[in-house]
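Q: Sequence below, structure please.
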Amino acid sequence: MSFFKKDGYGVPIVLAVGLHLAILLIGVLTINFNDDSLPTPKRPPIVHATVVDISKTIIGKREAEKKKEAEQQAELAKQKELAAKKKAQELAERKAFEAQKKQLAQAKQAQEMAVRKAEAAAKAKEEAAAAQKKKEQEIARQKQLADQRAKEKAAEEKKRLEEAKKKAQAEEEAKRQQEIERQKQEIARKAEQERLAQEAARQAEAKAEAEKKAAQEAQLVQSISGLINNRIAQAWIRPPNARNNMKTKLQISFLPTGEVQNVQVVESSGDALFDQRAVNAARNMGVIRELSKVDPYVFERNFRNVVIIFNPQDLRN
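A: This next block holds a predicted model:
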């Protein structure tokens, strides 16, 4: 039976009814119907009742679930209402924003159109001004070209006159320069004749001086050469095998002080001892003091290296 189902209300109702019937039965049994006198009051019986929390029963739970479901439905309806209001408000705000946006776009379009018209007007004005300026510049350029041509023509005429004048002056100057050049050449010719005469006289004088110096130098060379031969002859030690006509050519190198620096045999006599005695005599002839007084140029040319032929005259046949 559905009355005693687990999730029904049968069991709690039976318990409640049973509890009330028990209390009523106990009251009836305690009444004395045969005694006319008042009954002696008795102490009321103590009933031990148990308070049942209906919220913990199945009925209470179902009521709580229904209440909770009703509250959830109410909250859901409230949220839907709030969402609908919010959506309506957003829709109104969007419509207002779109209307404002459209109004701003129209205002911007009108402003841009006004700006374009102003720019077009300014551009047309600027182009007109530029065309006028270009026209004025062209007129000024043509005038400048005309002035320039006039100036160039005047300059060419002036240049032609100046060139003619310069040409005449140049011709005159050329004639004057020719005359000056002729006079210079005449003066140079006379100066050259005089220079040649002086040069001839100088050369003659120099030649005479050179001949004089050459003669003095030859005399000095001959004198010192004779002194050298005498010194060698004095220092020479005749070897036993020396014979007449034996001769040795020697090259003697002197220092500017007159000292003998070196002696070499240039041509041998054919006798080694004779040659060595001649070399020894040249080395031992001593210092030629006269050479230290000779002019360096004369010394270098004549006495730096002296070649002599040593040919004693006192040899035996």
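
Q: Need the CA coordinates for stretch 69-83. PDB is fine.
A: C-alpha atoms of stretch 69-83 as PDB (Å, rounded to 0.1, in the frame of the first residue of the first chain):
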ATOM      1  CA  GLU A  69      12.800  25.200  -4.700                       C
ATOM      2  CA  ALA A  70      10.300  28.000  -4.400                       C
ATOM      3  CA  GLU A  71      13.000  30.300  -3.200                       C
ATOM      4  CA  GLN A  72      15.300  29.200  -6.100                       C
ATOM      5  CA  GLN A  73      12.400  29.800  -8.500                       C
ATOM      6  CA  ALA A  74      11.800  33.200  -7.000                       C
ATOM      7  CA  GLU A  75      15.600  34.000  -7.200                       C
ATOM      8  CA  LEU A  76      15.700  32.800 -10.800                       C
ATOM      9  CA  ALA A  77      12.700  34.900 -11.700                       C
ATOM     10  CA  LYS A  78      14.300  37.800  -9.900                       C
ATOM     11  CA  GLN A  79      17.500  37.300 -11.900                       C
ATOM     12  CA  LYS A  80      15.600  36.900 -15.100                       C
ATOM     13  CA  GLU A  81      13.800  40.200 -14.300                       C
ATOM     14  CA  LEU A  82      17.100  41.900 -13.500                       C
ATOM     15  CA  ALA A  83      18.700  40.500 -16.700                       C
END
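
Q: Could you pull up the mean pLDDT of that stretch?
A: Stretch 69-83 comes out with an average pLDDT of 90.

Q: Do a quick rundown of the helices in the protein.
A: 10-29, 58-235, 272-283, 296-302 (DSSP state H).

Q: May I ask you to confirm that residue 309 is in contact with residue 247?
A: Yes: the criterion here is Cβ atoms under 8 Å, and residue 309 meets it with residue 247 at 5.5 Å. The C-beta positions use only the backbone N, C-alpha and C, and glycine is treated the same way.

Q: what about these two, which has more around it?
A: When residue 309 and residue 247 are compared for neighbours, residue 247 comes out ahead with 15 against 11, by other Cβ atoms under 10 Å.

Q: For stretch 147-161, give the mean pLDDT please.
A: Rounded mean pLDDT across stretch 147-161 is 90.

Q: just stretch 99-107 next, same as before
A: Here the average pLDDT along stretch 99-107 is 87.

Q: and it, which residues are buried?
A: Counting neighbours by 16 or more other Cβ atoms under 10 Å, one finds that stretch 99-107 has no buried residues.

Q: Convert the C-alpha atoms of it to PDB, please.
A: Presented in PDB, the C-alpha positions along stretch 99-107 are these (Å, rounded to 0.1, in the frame of the first residue of the first chain):
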ATOM      1  CA  ALA A  99      22.100  57.800 -32.300                       C
ATOM      2  CA  GLN A 100      24.900  59.900 -30.800                       C
ATOM      3  CA  LYS A 101      27.500  58.100 -33.000                       C
ATOM      4  CA  LYS A 102      25.300  58.700 -36.100                       C
ATOM      5  CA  GLN A 103      24.900  62.400 -35.000                       C
ATOM      6  CA  LEU A 104      28.700  62.800 -34.500                       C
ATOM      7  CA  ALA A 105      29.400  61.100 -37.900                       C
ATOM      8  CA  GLN A 106      27.000  63.400 -39.600                       C
ATOM      9  CA  ALA A 107      28.600  66.400 -37.800                       C
END
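
Q: From the chain's centre, how far out is it? Work that out for me.
A: Distance, stretch centre to chain centre, for stretch 99-107: 60 Å (Cα atoms, centre = their mean, to the nearest Å).

Q: Also stretch 259-277?
A: Relative to the chain's own centre, stretch 259-277 is displaced by 79 Å; criterion: Cα atoms, centre = their mean.
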